[in-house]
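Visitor: Here's a sequence, model it:
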Amino acid sequence: MTVRVPAKVNLQLSVGPRRDDGYHDLVNVFHAVSLFDEVTATDVITPAEDAMDAMAAVAADDGTVTGEATPPNAATGTATPSGAMITVSVEGAPAGQVPLDGENLAVKAAVALAARAGRPVRAHLAIRKAIPVAGGMAGGSADAAAALIACDELWGLRLDRRELMDIAADLGSDVPFALFGGTAVGTGRGEKLAPVPVTGEFHWVFALAEGGLSTAKVYGECDRLREAAGEPVAWPRADDALMAALAAGDVKALGAALANDLQPAALALCGPLARTLAAGRDSGALGALVSGSGPTCAFLAESEAHAAGLATALRATGVCREAVTARGPVPGAVVVPA
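Guide: Take a look at the predicted model:
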């Protein structure tokens, strides 16, 4: 059972004051774009069942994993949290950066789904990566959402979407939107979603950086910068100009309305991102911002052809590892027909 799931870009990320529980109330305008991961769930093959299996991996007693990357850009491992039997394989350019043990969000999703259903956990999760890892585009959350649907189908549970959304919200703030897709406003921690009307589609270029940024560190730096400035933090709300631009399909107005409260923190932690943003603007982007907690930078283009030219220009400047094009909005996680 294979599920395809999109990346997201935050068109607006407004971060409220830090709460007593350490979280922040957010207004988060999510937009699903056509960079996809795929997660395939199948019955697990144990070493006893296939002694000649070439996926060399060793699971320690604490569930940690040593995996062997064969072939290049692929990795395998076995995760055994709380007695679960889950094997994981990852392929794609970011494969070496993806955890193969119980810290993998897709594994956590499978375990949580099994717990909700009261059944044993037994699955192999094959993850094909295209979404950047730790890039501010919710790649791990996307894989968790895909694993929920794939395992639900594999195990014949047939949970309704509301139940899956409840499990997703417990896994992380971005996981529900990966199920939801399209364009939506997220409130609370970002997990309470309402659809946003959108006319037409928008074209994007994403400048991928070397390495990643920790979401927790970016939020911590945001808090530090605000404390140092000594200014009161406004309660977050959706921007009327952004909502109007989406409803009208006005790409220029949308570019002017893009906003991310985490961007100063991301720039403080990763200074070269300022050069990337400047290069995109200088090359004709209608809007530019750090996506989520970064370090991926997002650029809005006027058309598909404009996006292709902008990507070429960004590659030529040498300010990013790669520049890829995408369009949005696109649906959330969906089963790929066999």
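
Visitor: going forward, measure contacts and count neighbours with C-alpha atoms only.
Guide: Will do.

Visitor: Backbone dihedrals for the residue lying closest to Ile149 once chain neighbours are set aside, please?
Guide: Leaving aside its chain neighbours, Ile149 sits nearest to Val3 (7.1 Å; criterion: CA to CA, 6 or more residues apart in numbering). Main-chain torsions, Val3, degrees, to the nearest 10: phi -120, psi 130.

Visitor: any idea where the strands of the stretch 101-250 of the chain begin and end?
Guide: 122-128, 183-187, 192-195, 202-208 (DSSP state E, counting those that start in this stretch).

Visitor: Can you lay out those strands as TSV showing mean pLDDT and distance to Ala7?
Guide: What follows is those, written out as TSV (pLDDT from 0 to 100; distance: least, CA to CA, whole Å):
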stretch	mean pLDDT	distance to Ala7
strand 122-128	95	13
strand 183-187	96	12
strand 192-195	94	16
strand 202-208	97	11
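
Visitor: Which one, of those strands, ends up nearest to Leu11?
Guide: Across the strands of the stretch 101-250 of the chain, Leu11 has its closest neighbour in strand 183-187 (9.3 Å, CA to CA).

Visitor: Any chance you could list what contacts the closest one?
Guide: 25-32, 177, 192-198, 238, 329 (CA atoms under 8 Å, 6 or more residues apart in numbering).

Visitor: how about the helices of the stretch 51-200 of the chain, start to end?
Guide: 105-117, 139-154, 161-171, 175-180 (DSSP state H, counting those that start in this stretch).

Visitor: Adding mean pLDDT and mean neighbour count, write those helices out as JSON lines.
Guide: Output for the helices of the stretch 51-200 of the chain, formatted as JSON lines (pLDDT from 0 to 100; neighbours: other CA atoms under 10 Å):
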{"stretch": "helix 105-117", "mean pLDDT": "96", "mean neighbour count": "22"}
{"stretch": "helix 139-154", "mean pLDDT": "97", "mean neighbour count": "28"}
{"stretch": "helix 161-171", "mean pLDDT": "95", "mean neighbour count": "16"}
{"stretch": "helix 175-180", "mean pLDDT": "96", "mean neighbour count": "27"}
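
Visitor: Figure out how far the lengthiest strand in the chain is from the centre of its chain.
Guide: Longest strand of the chain, by residue count under DSSP state E: strand 24-42. Relative to the centre of its chain, strand 24-42 is centred 5 Å away, using CA atoms, centre = their mean, to the nearest Å.

Visitor: again with stretch 96-114
Guide: The answer for stretch 96-114 is 14 Å, by CA atoms, centre = their mean.

Visitor: gap between the two ends of that stretch?
Guide: With CA to CA, to the nearest Å as the measure, stretch 96-114 spans 27 Å from end to end.

Visitor: Appreciated, that's everything.
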